[in-house]
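**Q** Give me coordinates for this.
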Amino acid sequence: MKKFKVIKTAVAGAIAGAMVLGLAAAPASAEMKKREFKVVGTWGFLDHWKEREGPFWKDVLPKVSGGVLTANAKPLTELGLSGYEVMRLLKLGVYDAVHGVTTYVSQDSPAIEGADLSGVIQDLPTYRKANEAYRSILAREFEDKYAAKLLMIYAWPSQQLWCNLGDKSITKFGLDQLKGKKIRTYSKTLGDFIEGVGGTAVTIAFSEVVPALQKGVADCGLTGTLPAYNAKWYQVVTHNIRIRLGYASSFLAMNLKLWNSLDGDTQGLFNKELAKLEEAMWVATATNDQKGMDCNASGPCDGPTGGMIPIEPTAADKKILKSVVENFVLKRWAKRCGTQKCVDEWNATIGKLAGVKASM
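**A** From the prediction side, this is the model:
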């Protein structure tokens, strides 16, 4: 427990330092125009909003701009949004800037979905490098499809499986046993994985998963490790199958017309401060991944432990995962992507780092 607290304190200090550095910035330039931004954040009950997104817009931005730049920022849960519609609302000018998940907003661009293909990468450092390599492609797609300026890329703790097996005495459960189970998903690529292992994909908004699991609408769910704990999935599921199916690649984007209308000082301030916020996001994700697994199981944890039974993937599970990635995830995505250029760009960036190749 002591070691966990030391690590947590160190990481919290790093995050705080990254956020607070901007508070010592010089007063806003006289050229900077006063402006209030309408902003949508992610889920209000999860840590990214509470500890980083919200504080940036409500506290950091006004302070580093000398009060010139402010924001009316609210999480999508407070606004009654699901998260799938945020980029279309941004394009329409309903909001000035939005945070979101890439696979949630890829309806108009399968290339955006390519940032987080299910099961392709199993560790966060490689995942971060892959998203950085893919950044220019995402930026182009956001501009072309949504008339938006991509300002930041970050992630969530690893997306894992959480199943109600009914009996906590079960200590072994393979991916081959998912056949026939109804599994909550939130993206096409996760659905490809579920169907690849013989399950049935059920699309359910995050806020509706717990009652769905309670009522048997789903047998298992897919989400991040700490989000699962914060949303109290441990009340309705018994087991955590620790196969990593992505890290919910996320972004901050601003309406492009609005971005282009900002003076140079304002754009420069955003670029500087958002680089710090982005780093804080990745640092938090790294520590929260393990924290989520610990808290959902038997600890260590600052709060109540979930008592879930952890199931680590076996060699047989990893073999199944590799086959599903190659024969379902990549093949189906390449078909959705539709062009050789799209596939080639992915292979030259994420595919190269992951050691896999998509083909039409």
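
**Q** Every contact and neighbour count from this point should use C-alpha atoms.
**A** Will do.

**Q** In a helix, Ala73, correct?
**A** No: secondary structure of Ala73 (DSSP: H, G, I helix; E, B strand; the rest coil): strand, not part of a helix.

**Q** quick one: it from Glu31, how far?
**A** To Glu31, Ala73 is 24 Å away according to Cα to Cα, to the nearest Å.

**Q** Neighbour count: those two, which is higher?
**A** Between Ala73 and Glu31, counted using other Cα atoms under 10 Å, the more crowded position is Ala73 (21 against 10).

**Q** Name the nearest residue to the more buried one, ignoring sequence neighbours.
**A** Using Cα to Cα, 6 or more residues apart in numbering and skipping the chain neighbours, the partner closest in space to Ala73 is Val39 (4.4 Å).

**Q** Where does that neighbour fall, secondary structure wise?
**A** For Val39, the element it lies in under DSSP states H and E is strand 35-41.

**Q** Sketch out the low-pLDDT regions of this structure for me.
**A** Scanning the chain with the threshold set as pLDDT under 70 gives 1-30.

**Q** what secondary structure does the closest residue to Leu117 other than its chain neighbours sit in?
**A** Spatial nearest neighbour of Leu117, chain neighbours left out: Thr189 (5.8 Å); criterion: Cα to Cα, 6+ apart. Secondary structure of Thr189, reduced to three states by three-state DSSP: helix.

**Q** how far away is the residue at minimal distance from the centre of the chain from Ser158?
**A** What sits nearest the mean C-alpha location of the chain, by Cα atoms, centre = their mean, is Ala248, with 2.9 Å. Taking Cα to Cα as the measure, Ala248 falls 7 Å from Ser158.

**Q** any shared contact partners between those two?
**A** Gly224 (Cα atoms under 8 Å, 6 or more residues apart in numbering).

**Q** My guess is Ala71 contacts Val60. True?
**A** No: counting by Cα atoms under 8 Å, Ala71 does not reach Val60; the two are 10.5 Å apart.

**Q** According to the record, where do the domains of this protein fall?
**A** Taking automatic domain parsing as the reference, the chain has its domains at 2-157+248-292, 159-246+301-338.

**Q** Save these as JSON lines, and put in distance to Asn347 too.
**A** Formatted as JSON lines, those follow (distance: least, Cα to Cα, whole Å):
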{"stretch": "domain 2-157+248-292", "distance to Asn347": "10"}
{"stretch": "domain 159-246+301-338", "distance to Asn347": "11"}
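
**Q** that older thread, so who does the residue nearest to the centre of the chain touch?
**A** Per Cα under 8 Å, 6+ apart, neighbours of Ala248: 101-103, 116, 155-159, 224.

**Q** Is it part of a helix or strand, or is it coil?
**A** Secondary structure assignment for Ala248 (three-state DSSP): coil.

**Q** I'd like to know how far it sits from Leu76.
**A** Distance from Ala248 to Leu76, by Cα to Cα: 16 Å.
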